[in-house]
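1. my questions concern the predicted model and sequence given below.
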Amino acid sequence: MQKRNFIKAVALSAIAVAAGQSLAQDNTFKIGLILPMTGQQATTGRQIEAAAKLYMAQNGDTVAGKKIQLIVKDDTSIPDVTKRLAQELVVNDKVNVLAGFGITPSALATASIATQSKTPQVVMAAATSSITEASPYIVRTSFTLPQASVALADWAPKNGIKKVVTLVSDYGPGIDAEKFFKERMLFNGGTIVDSLRVPLRNPDFAPFLQKVRDLKPDALFVFVPSGAGAAVMKQFLERGMDKAGIKLIGTGDVTDDDQLNDMGEGALGVVTSHHYSTAHPSATNKKFVDAFTKANPGLRPNFMAVGGYDGMRVIYEALRATKGQGGGDALLAAMKGQIFESPRGPMFIDAQTRDVVQNIYLRKVERKDGQLYNIEFDVVKDVKDPGKSR
Ligand code: VNL
């Protein structure tokens with residue numbers, strides 16, 4: 001026990017020393033981008049890396065006299081690996097900012113390193129409400145599941161959906177989605193017939209869907225992380241759930257733009273709520289989508305790409321605002337309160353919570369120019385994370 005504490009103390013002081021050294025460093029500014037580049041969450045890593053590189057290509061790699069260096073590491077979405085990589089990036093590479101974080105457990109595993117080393121940790125993907133509370137150095141540019149779920153629970157009962165079964169991945173964001181969707185449905189006079197949770201790793205949706213079929217709700221509400229939506233859709237349709245009169249609704253993770261176009265006819269009409277659609281009709285988004293698809297043929301930017309792109313914006317502007325001097329605390333201060341137009345629409349980083357405030361859109365899957373898109377039909381403006389007020 002004593003030995004362990006000693007090793008821990010040495011490791012922590014190494015982190016603290018490393019953080020001090022990075023201030024006095026040369027002319028490079030290092031961003032350690034930790035992403036799942038392989039394994040179950042690999043699409044998230046690919047989207048964010050592509051978006052970060054696009055941002056750099058468009059905005060140059062020199063900011064306030066500093067040369068930006070992006071160091072990409074693959075954590076395979078295993079939190080212990082994320083943590084080790086974060087530690088190495090801080091101690092050995094002396095990065096100025098940690099960024100990325102494909103899933104909630106990876107973001108949480110890194111929080112203590114951000115705190116100890118006073119390194120801003122920009123969360124570009126993970127979306128459990130509590131993440132920003134795990135370290136005062138965490139800033140988020142993705143979204144939160146309570147943000148997305150509440151808007152859908154306000155829409156559903158007004159549109160003939162009163163009885164719902166929820167089906168979520170059994171970890172942080174899924175539990176947030178289940179809780180906030182359910183509470184709001186009940187508040188709006190709806191009923192939750194059952195709440196089902198499916199494992200994050202290697203999920204088999206079949207037995208759960210069979211149960212839903214038997215329960216015959218008006219709709220099935222789904223949260224699964226980016227990359228798992230196509231499997232849910234396939235099994236939902238294979239079981240004839242739609243023909244049995246059960247609607248599929250969910251947060252936009254299930255009709256993920258990375259996979260949507262290959263989901264087929266059966267996806268048409270599915271309503272979801274989310275902060276980003278590739279089809280978001282703004283000049284800023286059109287420019288972003290065009291540039292992204294040109295740089296990455298065959299790949300459509302999804303909400304993960306936007307989280308990465310905007311995260312780079314937040315880092316660049318913080319460095320510019322601190323005139324290239326940026327130590328961790330100064331950078332963090334310059335990240336708080338940033339307000340700008342993202343491809344998703346207007347967004348800002350709440351200075352109090354360091355979390356993203358943004359529009360949540362209601363969307364329906366439609367065919368446009370021969371492809372499937374999430375077409376926005378309503379918006380709830382400037383949504384703060386409802387998970388923070390409790
Ligand atoms: C998380 C949330 C991950 C939403 C996701 O995809 C997602 C997370 C990888 O917080 O772990 O779509």
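-> All right, it came through fine.
2. quick one: which helix or strand includes Glu376?
-> strand 371-383 (DSSP states H and E).
3. can you list the strands that that strand pairs with?
-> In the sheet containing strand 371-383, its partner strands are strand 356-368 (antiparallel), by DSSP bridges.
4. return the distance of the partner strand from the chain's centre.
-> 15 Å (CA atoms, centre = their mean, to the nearest Å).
5. same question, stretch 213-233
-> Here stretch 213-233 is found 19 Å from its chain centre; the criterion is CA atoms, centre = their mean.
6. so which bits of it are buried?
-> Within stretch 213-233, the residues scored as buried using 16 or more other CB atoms under 10 Å are 213, 217-230, 232-233. In this view, the C-beta of every residue, glycine as well, is placed from N, C-alpha and C.
7. please flag which of those sit within strands.
-> The strands, defined by DSSP state E, take in 219-223 from the buried residues of stretch 213-233.
8. adding distance to the ligand and pLDDT as columns, could you present those residues in JSON lines?
-> Formatted as JSON lines, those follow (distance: CB to the nearest ligand atom, whole Å; pLDDT from 0 to 100):
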{"residue": "Ala219", "distance to the ligand": "20", "pLDDT": "98"}
{"residue": "Leu220", "distance to the ligand": "18", "pLDDT": "98"}
{"residue": "Phe221", "distance to the ligand": "15", "pLDDT": "98"}
{"residue": "Val222", "distance to the ligand": "12", "pLDDT": "98"}
{"residue": "Phe223", "distance to the ligand": "8", "pLDDT": "98"}
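9. what is the most widely separated pair among these?
-> Within these, Ala219 and Phe223 form the most distant pair, 13.5 Å apart (CB to CB).
10. quick one: name the residues of the stretch 151-300 of the chain near the ligand.
-> Contact residues, the stretch 151-300 of the chain versus the ligand (CB under 6 Å from any ligand atom): 172-173, 225-226, 253.
11. out of these, which sit inside helices?
-> Cross-referencing those against helices under DSSP state H gives 172-173.
12. for the residues of the stretch 151-300 of the chain next to the ligand, which one is nearest Val72?
-> Nearest to Val72 among those, with distances taken as CB to CB, is Ser226, at 18.2 Å.
13. residues contacting the closest one?
-> By CB atoms under 8 Å, 6 or more residues apart in numbering, the contact set of Ser226 is 41, 43-44, 47, 125, 253, 256, 258, 302-304.
14. which SS class is the residue nearest the centre of the chain?
-> Taking CA atoms, centre = their mean, the centroid of the chain lies closest to Ala125, which sits 2.7 Å from it. What DSSP: H, G, I helix; E, B strand; the rest coil gives for Ala125 is coil.
15. kindly report the same for Leu152.
-> helix.
16. what's it in contact with, if anything?
-> 181, 221, 249-251, 271-273, 362.
17. hmm, which of these are the buried ones?
-> Judged by 16+ other CB under 10 Å, buried ones among the contacts of Leu152: 181, 221, 249-251, 271-273, 362.
18. residue ranges with poor pLDDT in this protein?
-> Along the chain, segments meeting pLDDT under 70 span 1-25, 389-390.
19. ok, which stretches of it are helices?
-> 2-23, 42-59, 79-91, 104-117, 145-155, 172-187, 206-215, 229-238, 283-295, 303-321, 328-335.
20. between those helices, which one is nearest to Leu200?
-> Ranking these by proximity to Leu200 (CB to CB) places helix 172-187 first, at 7.8 Å.
21. and the closest one, how far out from the chain's middle?
-> In this view, helix 172-187 has its centroid 17 Å away from the chain centroid, taken as CA atoms, centre = their mean.
22. what's near enough to touch the residue lying closest to Val198 once chain neighbours are set aside?
-> Of all residues not flanking Val198 in the chain, Phe208 sits nearest, at 5.6 Å (CB to CB, 6 or more residues apart in numbering). Taking CB under 8 Å, 6+ apart as the criterion, Phe208 is in contact with 167, 196, 198.
23. OK, contacts around the residue in the stretch 251-390 of the chain that the ligand sits nearest to?
-> Closest contact between the stretch 251-390 of the chain and the ligand, by CB to the nearest ligand atom, is at Asp253 (3.9 Å). Neighbouring residues of Asp253 by CB under 8 Å, 6+ apart: 223-226, 228-229, 274, 303.
24. which of those residues sit farthest apart?
-> Within these, Ala228 and His274 form the most distant pair, 15.1 Å apart (CB to CB).
25. and the gap between the closest residue to Ile175 other than its chain neighbours and the ligand?
-> Among residues not flanking Ile175 along the chain, Val168 sits closest, at 7.0 Å (CB to CB, 6+ apart). To the ligand, Val168 is 11 Å away according to CB to the nearest ligand atom, to the nearest Å.
26. ok, Val168 touching Arg197?
-> Yes - if you go by CB atoms under 8 Å, Val168 and Arg197 touch, sitting 5.8 Å apart.
27. of these two, who's got more company?
-> Val168 (26 against 15; other CB atoms under 10 Å).
28. ok, that one - contacts?
-> Counting by CB under 8 Å, 6+ apart, Val168 makes contact with 174-175, 177-178, 195-198, 222-224.
29. partners of it in the sheet?
-> Beta bridges link Val168 to Arg197, Phe223, judged by DSSP bridges.
30. phi first, then psi, for Phe350.
-> Quick fix: residue 350 reads Asp, not Phe. Per-residue torsions, Asp350: phi -60, psi 120 (degrees, to the nearest 10).
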